[in-house]
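> Next one to model:
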Amino acid sequence: MSISVIISHFAPPGETNYYRDILKKTIYSIRSQEVDFDVEIIIGDDGSEWSRSLPTKSGITEFSRTQINSCDLLSDLDIDKYLVLPDVGLYRGVMIKHRAFEVSSHEKIVVLDDDSPFLRSDSLAKYDSYLGKYHFVCGRLRSSLVNGNIPRLFLSRNAQGTNYGIRKKLYLSFGGFPEFLFQNGTGEDDVLLWLVFSKLRELYPHEKKACFAGEIETQDLITGRWIPRNQSSKSFLKEMCRSLYGIDPNRNPSRNKLTWMELPSGQSWISEGRYFFRYFLSDLISYYRKPARRYLNQLRYYIRLFIQYSTSLAGWRKVIYKVNGIFRGR
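Model prediction:
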């Protein structure tokens with residue numbers, strides 16, 4: 001039982017110490033986890049200003065634990081591997097992340113952004129448990145900039161590029177992130193979700209080998225740092241996805257998580273139910289501040305969610321009835 005945690009990092013000019021401190025907060029949230037197994041932390045630095053004085057080459061430079069401990073600039077980071085690319089004004093974090101997957105020491109891998117600390121001390125223990133049964137595990141992202149700090153729901157159609165776990169063997173089975181993302185990572189979360197969905201459908205057409213563990217929460221503290229480094233347009237991403245995979249990245253089946261993921265435990269169901277009703281009540285309270293048409297659209301949305309939940313719960317009811325029947329000798 002061991003886990004590698006890959007953290008994407010970028011500290012832009014101006015507030016470089018502030019972003020470095022955020023990174024250390026995320027590292028601390030990992031080292032504070034209540035676990036009885038080895039946790040490897042790998043940082044992928046996309047050319048932060050504070051790291052410019054490090055001895056680097058034109059490609060990815062890799063620092064081992066020994067080199068990190070002997071380097072004044074890195075020794076205060078309690079990490080095992082440090083990968084860095086020099087800054088060329090582009091978002092090349094996907095290239096570094098792919099390399100981090102390759103050099104990771106463990107089969108179970110968790111991916112975070114540098115501004116996404118865990119909110120619970122049992123998060124890695126949960127990842128370890130769920131990755132023993134599932135090949136892909138999606139945690140819940142809490143963002144203070146979205147929906148009044150209410151985390152995203154299981155049935156949200158959003159893709160996310162942080163707070164997820166994946167088996168290394170699965171990642172390598174589809175070749176990892178495609179190279180067209182290496183010089184510009186626009187849409188990496190959409191692409192990864194589609195590749196994982198496609199491979200799991202191919203390998204396990206009649207089973208759900210992915211789950212949404214909403215009780216594993218991270219706090220999204222910052223947004224927008226990488227946007228100025230994304231030079232390609234969304235149309236480029238769509239063209240590449242259509243030509244390579246035959247899909248629109250924003251309208252592909254992998255976004256409907258209910259069709260290929262499940263809630264893995266009772267705690268996951270409780271977490272999801274709590275936030276579902278918080279969403280509903282939040283919209284209900286703001287009724288008088290919304291145009292009537294918008295409120296009716298929201299009401300239809302929640303009715304649709306209720307139907308989807310009921311359908312999903314029906315599967316659990318069948319299992320319960322079957323177990324009851326066994327004990328009653330039916």
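
> Assign a three-state SS to the nearest residue to residue 116 once chain neighbours are set aside, would you?
Leaving aside its chain neighbours, residue 116 sits nearest to residue 218 (4.0 Å; criterion: Cβ to Cβ, 6 or more residues apart in numbering). Quick note: C-beta positions are derived from backbone N, CA and C, even for glycine. Classification of residue 218 using DSSP: H, G, I helix; E, B strand; the rest coil returns strand.

> Measure how buried residue 218 is and give me the count.
Other residues lying near residue 218 total 25 when counted by other Cβ atoms under 10 Å.

> Show the contacting residues for it.
112, 116-119, 123, 139-142, 162-163 (Cβ atoms under 8 Å, 6 or more residues apart in numbering).

> will you turn these into CSV that also has distance to residue 93 and secondary structure?
Listed next are the contacts of residue 218 as CSV, based on distance: Cβ to Cβ, whole Å; DSSP: H, G, I helix; E, B strand; the rest coil:
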residue, distance to residue 93, secondary structure
112, 12, strand
116, 14, coil
117, 18, coil
118, 20, strand
119, 23, coil
123, 22, helix
139, 19, strand
140, 22, strand
141, 17, strand
142, 22, strand
162, 11, coil
163, 16, coil
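
> ChimeraX command for the buried members of those residues?
In ChimeraX, a selection of the buried entries from the contacts of residue 218 looks like this (16 or more other Cβ atoms under 10 Å):
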select :112,116,117,118,119,123,139,140,141,142,162,163
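
> Where does pLDDT dip in the stretch 101-250 of the chain?
The stretch 101-250 of the chain contains residues with pLDDT under 70 at 144-150, 223-233.

> Quick one: the helices in this protein, in order.
Secondary structure of the chain (DSSP state H): helices at 16-31, 65-69, 93-103, 123-133, 168-173, 188-203, 234-245, 266-285, 292-327.

> So what angle separates the directions of the third one and helix 188-203?
Here helix 93-103 runs at an angle of 40 degrees relative to helix 188-203 (axes from the mean of the first three to the mean of the last three Cα atoms, to 10 degrees).

> Enumerate the positions of helix 93-103 that are buried.
Going by 16+ other Cβ under 10 Å, helix 93-103 has these buried residues: 93-101.

> Convert it to CSV, retaining C-alpha atoms only.
Presented in CSV, the C-alpha positions along helix 93-103 are these (Å, rounded to 0.1, in the frame of the first residue of the first chain):
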residue,chain,number,x,y,z
GLY,A,93,2.4,21.6,-17.2
VAL,A,94,0.9,18.6,-19.0
MET,A,95,4.3,17.6,-20.4
ILE,A,96,5.7,17.7,-16.8
LYS,A,97,2.7,15.9,-15.4
HIS,A,98,3.2,13.1,-18.0
ARG,A,99,6.8,12.7,-17.0
ALA,A,100,5.8,12.6,-13.3
PHE,A,101,3.5,9.7,-14.1
GLU,A,102,6.4,7.9,-15.8
VAL,A,103,8.9,8.4,-12.9
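
> And it, how far out from the chain middle?
Distance of helix 93-103 from the chain centroid (Cα atoms, centre = their mean, to the nearest Å) equals 15 Å.

> Name the residues that touch it?
Helix 93-103 is contacted from outside by 6, 8, 10, 42, 44-46, 60, 62, 81, 83-85, 109, 111, 168, 171-172, 176-177, 181-183, 185, 188, 226, using Cβ under 8 Å, 6+ apart.

> can you give me the end-to-end distance of stretch 201-221?
Length of stretch 201-221, first residue to last, Cα to Cα, to the nearest Å: 34 Å.

> now do stretch 67-80
10 Å.

> Now that stretch: buried residues?
Result for stretch 67-80 [16+ other Cβ under 10 Å]: buried residues 67-68, 74, 77, 79-80.

> got the contact list for that stretch?
Applying Cβ under 8 Å, 6+ apart, the contact partners of stretch 67-80 are 23-24, 27-28, 31, 40-43, 50-51, 53-54, 63, 65, 81-82, 105.
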